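K.L.:
Following is a predicted model, sequence given first.
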Amino acid sequence: MAQSRKSLISLQDTPYYHCISRCVRRSYLCGYDRTSNVCYEHRKTWVEKRLLFLSKIFAIDISAYAVMSNHVHIILCVNKEAAASWSMRTVLRQWHKMHKGTELTQKYLKGEILSDIEYKAVKSTAEVYRKRLYDISWFMRNLNEYIARKANNEDDCTGRFWEGRFRSQALLTEKALLSCMAYVDLNPVRAKIATGLQDSYHTSINKRLKYDSPRNKPIKGLMPLKNHLRCRNYRGINITLNDYCALLNHSIELLRDTSSTTAPTRSIQYMKSLDVSHHHWHKFISDFENIFSFAAGDCISMRKFKENTKRKRMAKISSGLLYSVATTTISH
């Protein structure tokens, strides 16, 4: 049964959400379709560019992403405070980068004189746009509709392109965020279309490595890691690029050999700080999407999420037992 977005999103619990969109009938979004003998590899670039473009418009940052042949994984971080601080003019400018807006909003941005009634109408419209600019559903809508129209136009056909509404999972703790990021970035490796981070194309980790700079400048469109925090004044992910790469490389070894217990010192130290065993970490990076349902975290954070979203029951809440009760909750 479909769930309302109100029961899936709770910004008071966490700003982080793992979103997944799949193609209808599992047909090919990108890559090479052996059945039709057609290559759609170029569409991965469409999705990646659109993602990074939208993150510059919305008050929503991208923590991680992976564009696969017939589905897309994205971890989004909502920054409601940023949207609330924007002036009315900024809100309208941001919205007009995607949509035409109304005749009155266009007149306002051009500096034309408006009557009091017209100004009130513009102000009211701007508040509607402001809410949409930190709304995950509107972010995904502007991604999926754009890609669907472009793909249908290329295929010279009409009809549904995506399977349905995107699926979302609330990431309630730091451990849930990091394990989900690893799960997302390692998608090509698990699918055996990549051997390591360097050839995991169209993923956030590949983008981070490709544009990593000695100056520690953050990548536009991607939420900064710990070593980039000094460059920006808002939230970042509490791990350095080197530590994250060490964790991912060790994860790749675990995926290849579950009995492997050897790991770089840096990776061992970080896993200890997360209070997670090799066995449990292997579970997270192998099947995170199915281990948890609508929310991921320890039992305490999942029960709190259940209460705040007014859910009668919480599917797979027992999965929270995999996490230590002492897990650090994500700060806002």
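P.N.:
Noted; the coordinates are in hand.

K.L.:
As a check, name the ranges of all strands in the stretch 1-150 of the chain.
P.N.:
Applying DSSP state E, counting those that start in this stretch to the stretch 1-150 of the chain gives strands spanning 16-22, 32-33, 38-39, 60-67, 71-78.

K.L.:
Which of those sits closest to Thr105?
P.N.:
Smallest distance to Thr105 across the strands of the stretch 1-150 of the chain (C-beta to C-beta): 21.2 Å, for strand 60-67. Yep, even glycine has a C-beta here, placed from its N, CA and C like the rest.

K.L.:
which other helices and strands contact that closest one?
P.N.:
The contact analysis (3 or more C-beta pairs under 8 Å, 6 or more residues apart in numbering; DSSP states H and E) places strand 60-67 against helix 43-55, strand 71-78, helix 174-185, helix 204-210.

K.L.:
nearest to Ser124, of those?
P.N.:
The nearest among those, by C-beta to C-beta, is strand 71-78 at 22.8 Å.

K.L.:
chain center to that closest one, what's the gap?
P.N.:
2 Å (C-alpha atoms, centre = their mean, to the nearest Å).

K.L.:
now the angle from that strand to strand 60-67?
P.N.:
Interaxial angle, strand 71-78 versus strand 60-67 (axes from the mean of the first three to the mean of the last three C-alpha atoms, to 10 degrees): 160 degrees.

K.L.:
List the strands paired with strand 71-78, with their directions.
P.N.:
Sheet pairing for strand 71-78, assigned by DSSP bridges, gives strand 16-22 (antiparallel), strand 60-67 (antiparallel).

K.L.:
what mean pLDDT does it have?
P.N.:
For strand 71-78, mean pLDDT is 96.

K.L.:
out of the helices and strands packed on strand 60-67, which comes closest to Lys310?
P.N.:
Evaluated over the helices and strands packed on strand 60-67, closeness to Lys310 peaks at strand 71-78, with 19.4 Å, by C-beta to C-beta.

K.L.:
Return the closest one as CSV; C-alpha atoms alone will do.
P.N.:
Only the C-alpha atoms of strand 71-78 are listed here, as CSV (Å, rounded to 0.1, in the frame of the first residue of the first chain):
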residue,chain,number,x,y,z
HIS,A,71,17.5,2.9,-11.4
VAL,A,72,18.9,5.8,-9.6
HIS,A,73,20.0,6.2,-5.9
ILE,A,74,20.3,9.6,-4.3
ILE,A,75,20.9,10.7,-0.7
LEU,A,76,19.5,14.1,-0.2
CYS,A,77,20.0,16.6,2.7
VAL,A,78,17.2,19.1,3.2
